[in-house]
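[1] Need a 3D model of the following:
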Amino acid sequence: MDEPRSNRRNFFHLLARCAGVGLCTAACQRAPAAPPPGGWTERDRIPIGGKGAGIIRKAQELGREYHAKYGGCSQTSLAAIQDSVPFVPKDDLVFLAATPLSGGATRSRNASCGAFTGGGLAIGLMCGRTRPNFAGKAPLASKLILELADRFVETWGGVLCNDIRPKVDGKCPEVVSKAAGWTAEILLRQFTDYKA
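    Numbers count the residues shown, from 1 in each chain. As a prediction, the model looks like this:
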């Protein structure tokens with residue numbers, strides 16, 4: 001059995017035991033057997049015991065709160081997802097890299113909304129391409145980011161910052177809240193037993 005697959009299985013067993021008794025200790029959060037970033041597949045599932053709606057609600061609340069307090073759509077949506085979805089890695093380097101990706105990342109804001117980009121970074125952390133698999137493809141990551149894009153299109157007509165801001169009267173905390181909640185829901189549907 002290869003090392004990442006064995007580590008992933010150990011992580012799932014540890015998480016299931018903690019969830020089964022309704023608590024998670026500090027040992028769970030630093031468990032060395034956690035799957036590597038980007039290593040999750042269509043077959044990976046984590047039982048969350050009916051906590052999905054609460055996780056999504058927390059992502060929405062944290063997205064709104066973080067943006068109102070700190071600004072920066074990309075970092076605040078990513079942080080809200082990392083701090084609400086228990087299996088999304090809290091990778092400080094990805095958080096750091098998200099810094100310039102807010103406000104459409106251009107003076108004209110004619111690029112992707114930072115909240116959309118932050119959601120994409122969280123998706124990539126879960127099932128993106130790793131360096132050892134650099135030549136491979138990441139169809140699951142592509143599928144999930146398209147689900148997030150569809151939510152943006154249904155709600156605001158697109159994913160460009162410049163197109164979204166006027167439709168929300170510049171109220172980015174609400175965009176971050178929705179993006180964090182949608183991303184959390186997409187990840188829960190893919191990797192857990194959550195059903196809306």
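
[2] for the strand or helix carrying S142, the distance to its chain's centre please.
    In the assignment (DSSP states H and E), S142 maps to helix 139-156. Put simply, helix 139-156 sits 12 Å off its chain's centre (Cα atoms, centre = their mean, to the nearest Å).

[3] Give me the buried positions along that helix.
    Of all the residues in helix 139-156, those buried under the rule 16 or more other Cβ atoms under 10 Å are L140, A141, L144, I145, E147, L148, A149, R151, F152, W156. Placement of C-beta: from N, CA and C, glycine included.

[4] so what's the fourth one closest to, chain neighbours aside?
    This means I145. Excluding the flanking residues, the one nearest I145 by Cβ to Cβ, 6 or more residues apart in numbering is G120, at 5.1 Å.

[5] Give me the distance between the one you found and C161.
    14 Å (Cβ to Cβ, to the nearest Å).

[6] what's the answer for L140, then?
    The span separating L140 from C161 equals 26 Å under the rule Cβ to Cβ.

[7] try K137
    Per Cβ to Cβ, K137 is found 28 Å from C161.

[8] Who has more neighbours out of these two?
    The neighbour count for K137 versus C161, taken as other Cβ atoms under 10 Å, is higher for C161 (25 against 9).

[9] how about the more buried one, what does it touch?
    By Cβ atoms under 8 Å, 6 or more residues apart in numbering, the contact set of C161 is C73, G103, G104, R109, N110, A111, S112, C113, G114.

[10] If we use 10 Å, what do you get?
    Applying Cβ atoms under 10 Å, 6 or more residues apart in numbering to C161 gives the contacts 73, 102-106, 108-117, 172, 175.

[11] cool, and M126?
    If a contact means Cβ under 10 Å, 6+ apart, then M126 has 35, 37-41, 44, 81, 85, 87-89, 140-141, 144, 186-187, 190-191 as its contacts.

[12] now with 7 Å?
    Contacts here follow Cβ atoms under 7 Å, 6 or more residues apart in numbering; on that basis M126 touches W40, V88, L187.
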